[in-house]
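Colleague: Let me see the structure of the following:
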Amino acid sequence: MENYQNKISWWSKIYRGLSAAFPFVLLSAVAVIILANFNLTPATPASLAKLPTTAPPELNPFALINLEAKAAIVFDALENKIIYSLNGEEQLPLASLTKIMTAVVAREILPDYATVTIDRDSVKKEGDSGLRAGEKWRARDLLDFTLLVSSNDGAASLAAAAGLVFAGAGQNTEGTITDAVAREKDFVGKMNERAQALGLVQTYFLNETGLDLQSQVSGSYGSARDVATLLTYAATKYPTLFEATRQPVFKVSPLDGKSRVAKNTNEAALKIPGLIASKTGYTDLAGGNLAVLMDVGLGHPVAIVVLGSSEQGRFADVEKLASTTISFLNN
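Modeller: Below is the predicted model of the structure:
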């Protein structure tokens, strides 16, 4: 009996030992099987070259864009932050982007119903937009026309009319208190005052049109960031001011003449989704400029500005930035 019990005790010890070792044996077997299926050939320089050294960084979609412009900016007006900037603070000629400020100051001074007479000095400006000396326009209609076709005659007439108000003629813009040149100079002074008030640190105006004054002197200077700020302010302060610039064509008419169809100088007007406002600019010194304000969602305005592009390149530049912005904000 004692021998039988000793045998049982001996087998119990062996069983307990095997039970304790089983997990280790099982894991070892699994490891052998796994290692047997791996290629343990030593790495060579050629094989290492095929392996990724580091995980690729998250791509910035704007980094893939090629622009002709010297400077550009994408400004999220809702979040008050810059999404993209290429030399956004660089001071460059503005050309007819100047007329954004011209429209703002004229709108501040002249009520929509004020009558503006096109004067002879104004129609002498470079570029014939079809205005005729002596024509009478409602201020609102002349603003639409001026912004849409980038009329130098219209900008000068608005400046001269507003100058009469400075001179004490009230809203009777047909007076002759001062000559047109002096009135326009006063108007440009108001434009510069407004630029300072808005904190446009790189911006100043020498005329109300943006036309080059000399071969090396532009009619105005500013940065892409300043223009984005100005356009956002103007469209927010006066929501209908740029209404005409959303369309490829717009019908306008003087008070004493036939209506005419004016063509938008922004050839990309229909290609910018949610377009709120736009303004073009082009001179020999400035090259091609374009500023737009677009709605990328319900009440989500974004300003895009390019400066120093080419005459046609400005449209392609803004289209690229617009599509990339929409994709960026929707992801």
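
Colleague: didn't Val116 look like it was pressed against Lys136?
Modeller: Yes - judged on C-beta atoms under 8 Å, Val116 makes contact with Lys136 at a distance of 7.3 Å. Every C-beta, even on glycine, is put in place using the N, C-alpha and C of the backbone.

Colleague: which one of the two has more residues nearby?
Modeller: When Val116 and Lys136 are compared for neighbours, Val116 comes out ahead with 28 against 15, by other C-beta atoms under 10 Å.

Colleague: which SS state does the more buried one fall under?
Modeller: The three-state assignment at Val116 reads strand, by DSSP: H, G, I helix; E, B strand; the rest coil.

Colleague: Contact partners for it?
Modeller: Leu110, Lys136, Trp137, Arg138, Ala139, Leu142, Ser157, Leu158, Ala161, Thr173 (C-beta atoms under 8 Å, 6 or more residues apart in numbering).

Colleague: Can you tell me how far Ile249 is from Ala162?
Modeller: For the record, residue 249 is Val, not Ile. 27 Å (C-beta to C-beta, to the nearest Å).

Colleague: Mind checking which of the two has more residues around it?
Modeller: Taking neighbours as other C-beta under 10 Å, Val249 and Ala162 compare with Ala162 leading, 27 against 11.

Colleague: Okay, Lys81 and Thr232: tell me how far apart.
Modeller: Counting by C-beta to C-beta - Lys81 and Thr232 are separated by 12 Å.

Colleague: Can you pick out the residue with more neighbours from these two?
Modeller: Taking other C-beta under 10 Å, Lys81 and Thr232 do not tie; Thr232 has more neighbours (22 against 9).

Colleague: Go ahead and confirm that one touches Ala77.
Modeller: Yes - Thr232 lies in contact with Ala77 (C-beta under 8 Å); the separation is 4.6 Å.

Colleague: Show me the common contact partners of Lys81 and Thr232, please.
Modeller: Common neighbours of Lys81 and Thr232 (C-beta under 8 Å, 6+ apart) are Phe75.

Colleague: I'd assumed Leu67 was in contact with Ser310.
Modeller: No - with contact defined as C-beta under 8 Å, Ser310 does not reach Leu67; the gap is 10.6 Å.

Colleague: Which one of these two is surrounded by more residues?
Modeller: Leu67 (19 against 14).

Colleague: The more buried one: what secondary structure?
Modeller: Taken by three-state DSSP, the conformation at Leu67 corresponds to coil.

Colleague: how about the nearest residue to it, chain neighbours excluded?
Modeller: Nearest residue to Leu67, sequence neighbours excluded (C-beta to C-beta, 6 or more residues apart in numbering): Asp317, at 4.8 Å.

Colleague: so how far is Asp121 from that neighbour?
Modeller: Asp317 is 35 Å from Asp121, where distance means C-beta to C-beta.

Colleague: Those two - which one has more neighbours?
Modeller: Per other C-beta under 10 Å, whichever of Asp317 and Asp121 has more neighbours is Asp317, with 27 against 17.

Colleague: what number of residues lie near Ala182?
Modeller: When neighbours are counted by other C-beta under 10 Å, Ala182 registers 14.

Colleague: Residue ranges in the protein under the pLDDT threshold?
Modeller: Scanning the chain for pLDDT under 70 picks out 1-59, 127, 166-180.

Colleague: And Ser218, its phi and psi?
Modeller: With angles defined as degrees, to the nearest 10, Ser218 sits at phi -80, psi 160.

Colleague: what residues are up against it?
Modeller: With C-beta under 8 Å, 6+ apart, Ser218 has these contacts: Pro93, Leu94, Ala95, Leu206, Gly210, Asp212, Thr283, Leu285, Ala286.

Colleague: which stretches of the stretch 1-150 of the chain form helices?
Modeller: 2-36, 45-49, 98-109, 120-123, 139-149 (DSSP state H, counting those that start in this stretch).

Colleague: Residues in a beta bridge with the closest residue to Leu97 other than its chain neighbours, which ones?
Modeller: With sequence-adjacent residues excluded and distances taken as C-beta to C-beta, 6+ apart, Leu97 is closest to Gly281, at 4.2 Å. As for beta bridges, Gly281 partners with Asn289 under DSSP bridges.

Colleague: right, and Gly281 touches Leu211 too?
Modeller: No - Gly281 is not in contact with Leu211 according to C-beta under 8 Å; the separation is 10.3 Å.

Colleague: Settle it for me: which of those two has more neighbours?
Modeller: Under the criterion of other C-beta under 10 Å, the comparison of Gly281 against Leu211 puts Gly281 first, with 26 against 22.

Colleague: okay, now the residue lying closest to Thr280 once chain neighbours are set aside: neighbour count?
Modeller: Once flanking residues are discounted, Thr280 sits nearest to Thr265: 4.3 Å by C-beta to C-beta, 6+ apart. Other residues within reach of Thr265, judged by other C-beta under 10 Å, total 19.

Colleague: for Thr240, same thing?
Modeller: Counted by other C-beta under 10 Å, the residues lying close to Thr240 total 12.

Colleague: Tell me if it really is in a strand.
Modeller: No - the assignment for Thr240 is coil, going by three-state DSSP, so no strand is present there.
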